[in-house]
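S.K.: with the sequence up front, the predicted model follows.
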Amino acid sequence: MPMNSLPYMNQPPHGSKRAFTLIELLVVIAIIALLIGILLPSLASARSAARQIRAAANARSVTQGVAVYAASGKQLFPPHYVYASSTEGTEWNFGDQQISNPNPQNGYVHWSYALFSDGGVGEDAFNNPGMPKGGLPATNPGPDPRNWDSGQINDLGSGVGGVFPNDRQVKRVAFTGNGAIFPRNKFFQAGGERKNELVRDSDIQSPSDVILITEVNPVRNYEAWSVGGVVKSHRPVTPFLGGSSGTQVYLEPLTGGGPRFFYPRLTQILSLDQIPASAIDGTSETELNAVGRIWGGKESGEGGKTNFGYVDGHVETTTLKETIEKKRWGDRFWSITGGDKVNMTTAP
């Protein structure tokens, strides 16, 4: 064989490809892993932003539905909930709206239900894609087990599938109302005590500056909204504190010594890991600790931003503390009776 043919003896056959070495393969894997590490946070951030935008759009639909409801009636905002007069339907009696429900088997008629027929709002608008299962279950979910949360009980102490009470409420609700505008149902109480009253939309002098609805806080599976296993999703959030009674605003004297109601101090807004169970029941520094804070900011412990729907129908995404600093919950406690309801100052 000619000597000049020898160099070609070690060449691969014609048309074959050289395989990756182990080192080259590891380098490729490392590059891919690096790219994934760079891109994943961006993708997660983009998904979170998309969920936040969707939640804000739902909040806008709900606030506009409330405006339609008020315009179609007597220019009144709906009560946040009332005790129903029967186990079905939306009828309620004024005399039943007491401290406790005289007919607990009848359950609640929730403000979300009022918006179906009079506000043109679909049930999906009350959901939030950033929350477990889209939001809180009804306080009394009724016979369908799919509408209950694990470990939940209803007002009568029954567990999953308890038929009655069966609230007239959306299956999942991610929003709660400003209790200074949406009254609770305490319309019929003994003389000498503060009660609730319906609020006219004309009472709100600066509708673009006053919060109407907000998102609920979902941390630890909505623990701030659970009271002894009962999920109080029918409740509004009371933004103000009593001057002498703290969170027990109904115990404030009817007149004299005013003002009787104040904004909480910023130090009373607890970090997410400090929010106690049952915060919505007045067991926290302020019921505002049961509000949102789910969009970003988790690393700080303070929580992130929240979607707030305003009386005029627009939605803002901001921090809970900023709404307190700017006094966006209103300049008075419209939904409670008695005097000295102006509250432009912070709690002493």
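M.R.: Nice, thanks for sending it over. Computed from a prediction, not measured in an experiment: that's the story for all the values here.
S.K.: just the strands in the stretch 1-150 of the chain please.
M.R.: With DSSP state E, counting those that start in this stretch as the criterion, the stretch 1-150 of the chain has strands at 81-83, 108-110, 136-137.
S.K.: ignore what I typed, I meant the stretch 151-300 of the chain.
M.R.: Under DSSP E, counting those that start in this stretch, the stretch 151-300 of the chain gives strands at 172-173, 175-177, 211-215, 226-227, 230-231, 241-242, 261-262.
S.K.: looking at those, which is buried most?
M.R.: The highest mean neighbour count among those, using mean count of other C-beta atoms under 10 Å, belongs to strand 175-177: a mean of 28. All C-beta spots, glycine's among them, are computed from the backbone N, C-alpha and C.
S.K.: can I get the strands of the stretch 151-300 of the chain in TSV including distance to Arg184 and mean pLDDT?
M.R.: Output for these, formatted as TSV (distance: least, C-beta to C-beta, whole Å; pLDDT from 0 to 100):
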stretch	distance to Arg184	mean pLDDT
strand 172-173	16	97
strand 175-177	10	98
strand 211-215	15	98
strand 226-227	15	96
strand 230-231	16	98
strand 241-242	15	92
strand 261-262	15	92
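S.K.: can I get these in TSV with distance to Trp148?
M.R.: Conversion of these to TSV gives the following (distance: least, C-beta to C-beta, whole Å):
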stretch	distance to Trp148
strand 172-173	11
strand 175-177	20
strand 211-215	22
strand 226-227	13
strand 230-231	9
strand 241-242	33
strand 261-262	36
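S.K.: tell me which of these lies nearest to Gly330.
M.R.: strand 211-215 (7.6 Å; C-beta to C-beta).
S.K.: may I have the closest one as CSV, with CA atoms only?
M.R.: Coordinates of each C-alpha in strand 211-215 appear next as CSV, following Å, rounded to 0.1, in the frame of the first residue of the first chain:
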residue,chain,number,x,y,z
ILE,A,211,-62.7,51.9,47.9
LEU,A,212,-65.8,49.8,47.3
ILE,A,213,-64.4,46.3,47.2
THR,A,214,-61.1,44.6,47.8
GLU,A,215,-59.5,41.1,47.5
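S.K.: any figure for the gap between Ile29 and Val163?
M.R.: As for Ile29, its distance to Val163 is 57 Å (criterion: C-beta to C-beta, to the nearest Å).
S.K.: same question for Tyr250.
M.R.: The value you get for Tyr250 to Val163, if C-beta to C-beta is used, is 32 Å.
S.K.: and Ile29 and Val163? Which one has more around it.
M.R.: Val163 (13 against 10; other C-beta atoms under 10 Å).
S.K.: what segments of the protein are helices?
M.R.: Assigned by DSSP state H, the chain shows helices spanning 22-72, 111-118, 219-222, 320-325.
S.K.: residue contacts, Thr90?
M.R.: By C-beta atoms under 8 Å, 6 or more residues apart in numbering, Thr90 lies in contact with 84, 109, 113-114, 168.
S.K.: now the two most distant members of those.
M.R.: Of all pairs in these, the most separated under C-beta to C-beta is Ala84 and Ala114 at 12.3 Å.
S.K.: of those two, give the one with the bigger neighbour count.
M.R.: Ala84 (25 against 22).
S.K.: ok, and the closest non-adjacent residue to that one?
M.R.: Asn106 (4.2 Å; C-beta to C-beta, 6 or more residues apart in numbering).
S.K.: check Thr283 too.
M.R.: That would be Pro276: by C-beta to C-beta, 6+ apart, it lies 6.0 Å from Thr283.
S.K.: correct me, but that neighbour touches Ser284?
M.R.: Yes. Between Pro276 and Ser284 there is a contact at 5.6 Å, judged by C-beta atoms under 8 Å.
S.K.: quick one: common contacting residues for the two?
M.R.: 224, 270.
S.K.: so, low pLDDT: which residues of the stretch 101-250 of the chain?
M.R.: In the predicted model of the stretch 101-250 of the chain, residues 190 satisfy pLDDT under 70.
S.K.: which residues touch the residue nearest to Thr283?
M.R.: By C-beta under 8 Å, 6+ apart, the contact set of Pro276 is 224, 270, 283-284, 289.
S.K.: between all of the residues you listed, which two are separated the most?
M.R.: Leu270 and Thr283 (11.7 Å).
S.K.: before we move on, back to that, quick one, phi psi at the residue nearest to Thr283?
M.R.: phi -80, psi 160 (degrees, to the nearest 10).
S.K.: mind checking pLDDT for it?
M.R.: Listed pLDDT for Pro276 reads 93.
S.K.: separation between it and Leu251?
M.R.: Distance from Pro276 to Leu251, by C-beta to C-beta: 21 Å.
S.K.: now Lys171: closest residue in space that isn't a chain neighbour?
M.R.: Asn147 (5.1 Å).
S.K.: turn the strands of the stretch 1-150 of the chain into JSON lines, columns for distance to Trp92 and mean neighbour count.
M.R.: Converted to JSON lines, the strands of the stretch 1-150 of the chain look like this (distance: least, C-beta to C-beta, whole Å; neighbours: other C-beta atoms under 10 Å):
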{"stretch": "strand 81-83", "distance to Trp92": "4", "mean neighbour count": "25"}
{"stretch": "strand 108-110", "distance to Trp92": "6", "mean neighbour count": "25"}
{"stretch": "strand 136-137", "distance to Trp92": "22", "mean neighbour count": "26"}
